Every structure is written in C-alpha cells, then in structure tokens.
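K.L.:
quick one, structure for this:
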Amino acid sequence: MNGPKTPFARGSLEFERFAFFSDAVFVIALTLLVVGIAVPKVSDSDSSADMWQALVGLRHEVLSFFIGFAVIGRYWLAHHRFVSMLAAVDSGLLIVNIAYLAVVAIWPLEVLLDPLSPQVAGVWPSG
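P.N.:
Residues are numbered from 1 along each chain as shown. You can find the predicted model right below:
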C-alpha cells in the first residue's frame, strides 16, 4: 500500500494519469473558449454581405477567443515543459497541480465575460 508521499515514477500508471488528466483539462478549457462564440443569425442565407456583416459583429468574441487560446496555450507549454523534467510525482504535487488546473479551467469564463464584448456590456461597471 502506498503512503501519502510515495512518489510515482515516470512511466508508472499514476504518473501517466497525472499527465493525461492535466492535458485533458487544457483540452476542455480550449474547447470551451469556442463555445462562447455564437453562430451568427443572418436574415438572408444567400447573401455573403449579410454573412460578413454578422461575422464583423462577432469580432470581439473572436478576438477574445484567440487571446484566451494564446494564454491557455502558454500555460500548457509551461506545464508541458515542467512535466517533461519530472522523474516522479507525489501527492503534494498532485494537489498543487489540481489548484493550477483550476485556474486553467476557470479561464474560459473570464473570456466569456470579456468586458469588450457587447454581450456583457452593462455588466461591468464603467469608468
């Protein structure tokens, strides 16, 4: 039976679960970023001008998506580099990693509540 601080060596099932779970949280967070972009409603589906106008109306959401993707991607790169240097993980690191992943998981909410977005205009206090 493993004690609470027993390290799990690289290559063990526990180490792999640590890495895969972390990657899964990043993937879900990145996927949630695009959920905030609504499919534009166009009155004339045959009009490319109407479609372009509708897409221009989504510019804040699309910009927020790319900024959020870059930020979460940077967090993933840092995490990936960190994990690549580990020889083992223990329960202490698992707990710290969960806290780190909580920050990653909440980031899409910040992007959805982007104060530049017209969808939430009036939610944020001005000036």
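
K.L.:
which residues of this protein fall in strands?
P.N.:
Listed in chain order, the strands of the chain (DSSP state E) span 8-9, 88-89.

K.L.:
mind listing what's buried in the longest helix along the chain?
P.N.:
Ranked by residue count under DSSP state H, the longest helix found in the chain is helix 59-84. Under the neighbour-count criterion of 16 or more other CB atoms under 10 Å, helix 59-84 has His60, Glu61, Ser64, Phe65, Gly68, Val71, Ile72, Tyr75, Trp76, His79, Val83 buried. From N, CA and C alone the C-beta is placed, and that goes for glycine too.

K.L.:
so how far is Arg74 from the first one?
P.N.:
His60 sits at a distance of 21 Å from Arg74 (criterion: CB to CB, to the nearest Å).

K.L.:
again with the fifth one
P.N.:
According to CB to CB, Gly68 stands 11 Å off from Arg74.
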